[in-house]
Structure formats: C-alpha cells, structure tokens
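Participant: need coordinates for the following:
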Amino acid sequence: MQNEDMDADVEHNFGNCLSSLLDDGSLESHRYYLARRTMLEMLKDRGFAVPGVEIEVSLDEFRNKHGQMPDLDALRISSLHKDDPSIKVLVIFCGPSIVKVNVIRAIATQIVNKDSLSRLILVVQNKITNQALKAVDLFSFKVEIFQITDLLVNITRHELKPKHQVLTDAEKENLLKKYSIDEKQLPRMSQKDAIARYYGLEKGQVVKVTYSGELTQLHVTYRCVW
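Facilitator: Down below sits the predicted model:
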C-alpha cells in the first residue's frame, strides 16, 4: 500500500512538471512576445532609451494587453537615442504573408515625420521580394530587416557566447595607437555577422570580444567590421 501511495505521488508531481511546460495561449502571441522582447533588449544595447519595465513584461501581461492574436500596429516601437535624441528608430512588425512592394509602399505612407527618422527596423515572418527590397533602398534612412525566427532568442544573452563591447571612435583610435596598427590589420567581422547585425554595426567599427571559461580562461581580442 505504501508503494502505491509513493507511485501516486510521483505520478502527481511528474504531471505537475509537465503541465508547467505547457502553454495554453497561442503560438502567434508567444512568438511576438519573444521577438518584441529581444528587439527591446537590442535597442537598449544600442543605446536607445528603453524602459526596463517594458523589457520585463511577462508573457501573461503581454497577452492581457495584446490578446492571443496581437494587432501588429500596437507592437510598434519608437525610441530616441539616449546620447543623441536626434537619432530616432522605428520598429515595425509585418504579418505572415510574403512582403511585397505594396507592403513597403504602405509602410512608407504610414510613417509620419520621415525626415526625423534615422533608422527603420522591419521584423518579417516570410520572405521579402526583390521588388520590395528595391523599394526599401529608396528610403532616405537606413532600413534593417530581421526574420522573426532570429529574434526568438537573444544570442547575446547565451552563457556560452563571449562578451561583445562596441568601441567608441576614441577608444578605437587609442587601440590602434597603442599597438601601432591600422584597422585593416585587425581580425575581421562581417557586417552580416549575427552580432554585427544585433548591434547595427557599420563598416569600420571595432568590437572588443572577451572570452572567459574553464578552457579558454580570460582572453580578449578585437574585430573590425567590414
């Protein structure tokens, strides 16, 4: 009888563990929640004024506000850079359909005060056509495009990922002078690299990469974006 009671307790506890992993909400709302949170973290890491309370919103709070099928317009993010308020970024989430040129034109008409915008980030769920990409190139400000699947996890928060620090222009010059080298002599990082895209790095910017672990110990290197 005692063994039966123990088996019942184990089954009950195991069942509770499994149920805690289940998500009764929609997959769509969960994906938007994760992608938007990563985007907010990304903007904060780029120096934009993003309130911590926005990043810390739970999935339940997100769903209570936006529902199981969020209105994409309500997910938009607009923020100013902390050090230079003249730098403004706008983040727009696109639907699951293929992004065609008419979608880009519609976005262009919806953006107010285009002259004050420095950067536009589009979060898409499907492919974007060549004609749409050409339309994007016509914008007077820089446009970045991210697939929503690339934002479900913040790659910079992974414990195995080395720490990346973007150097200021002054820090870059001091580094080159210290070692009497040219930026072309630094190890390279492609502008298409996931880390470079996360921080929105431009060609010529330098990143300090710090490795730490049982195998690598503490090791610092620098990479120049090209």
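Participant: which ones are touching the closest residue to Thr156 other than its chain neighbours?
Facilitator: Leaving aside its sequence neighbours, Thr156 sits nearest to Tyr198 (CB to CB, 6 or more residues apart in numbering; 6.1 Å). Glycine gets a C-beta too; all of them are placed from N, C-alpha and C. Residues in contact with Tyr198, defined by CB atoms under 8 Å, 6 or more residues apart in numbering, are Met42, Asp45, Ile155, Thr156.
Participant: over to Val57?
Facilitator: Arg37.
Participant: and the closest residue in space to Glu171 that isn't next to it in sequence, how many neighbours?
Facilitator: Distances taken as CB to CB, 6+ apart put Val206 closest to Glu171, at 7.8 Å, once the chain neighbours are dropped. When neighbours are counted by other CB atoms under 10 Å, Val206 registers 22.
Participant: Val206: what's it in contact with?
Facilitator: Applying CB under 8 Å, 6+ apart, we find Val206 in contact with Val166, Leu167, Glu171, Lys172, Leu175, Glu183, Leu186, Tyr222, Arg223, Cys224, Val225.
Participant: how about Phe93?
Facilitator: When the contact criterion is CB under 8 Å, 6+ apart, the partners of Phe93 are Tyr32, Ala35, Arg36, Leu72, Leu75, Arg76, Val123, Ile148.
Participant: just Ile55 next, same as before
Facilitator: By CB under 8 Å, 6+ apart, the neighbours of Ile55 are Arg37, Leu40, Glu41, Lys44.
Participant: so which of those sit within helices?
Facilitator: Among the contacts of Ile55, the ones falling in helices (DSSP state H) are Arg37, Leu40, Glu41, Lys44.
Participant: the closest residue to Arg188 other than its chain neighbours: how many residues sit nearby?
Facilitator: Leaving aside its chain neighbours, Arg188 sits nearest to Trp226 (5.0 Å; criterion: CB to CB, 6+ apart). Residues contacting Trp226 under the criterion other CB under 10 Å number 14.
Participant: I'd say Trp226 and Gln205 touch.
Facilitator: No - counting by CB atoms under 8 Å, Trp226 stays clear of Gln205, with 9.8 Å between them.
Participant: give me phi/psi at the residue nearest to Thr156?
Facilitator: Main-chain torsions, Tyr198, degrees, to the nearest 10: phi -60, psi -50.
Participant: again, but for Leu122
Facilitator: Here is the backbone geometry of Leu122 (degrees, to the nearest 10): phi -110, psi 130.
Participant: which ones are touching it?
Facilitator: Residues near Leu122 by CB under 8 Å, 6+ apart: Ile92, Cys94, Val99, Ile107, Val136, Val143, Glu144, Ile145, Phe146.
Participant: quick one: the residue nearest to Thr156 and Lys114, what's the gap?
Facilitator: Counting by CB to CB, to the nearest Å, the gap from Tyr198 to Lys114 is 25 Å.
Participant: okay, now Ala132: neighbour count?
Facilitator: Ala132: 21 surrounding residues under other CB under 10 Å.
Participant: wait, doesn't it sit right on Ile107?
Facilitator: No - here Ala132 does not reach Ile107: they are 10.0 Å apart, not a contact under CB under 8 Å.
Participant: identify the residue nearest the residue positioned nearest the centre of the chain in space, chain neighbours excluded?
Facilitator: Closest to where the C-alpha atoms of the chain average out (CA atoms, centre = their mean) is Met39, at 3.9 Å. Leaving aside its sequence neighbours, Met39 sits nearest to Val91 (CB to CB, 6+ apart; 5.7 Å).
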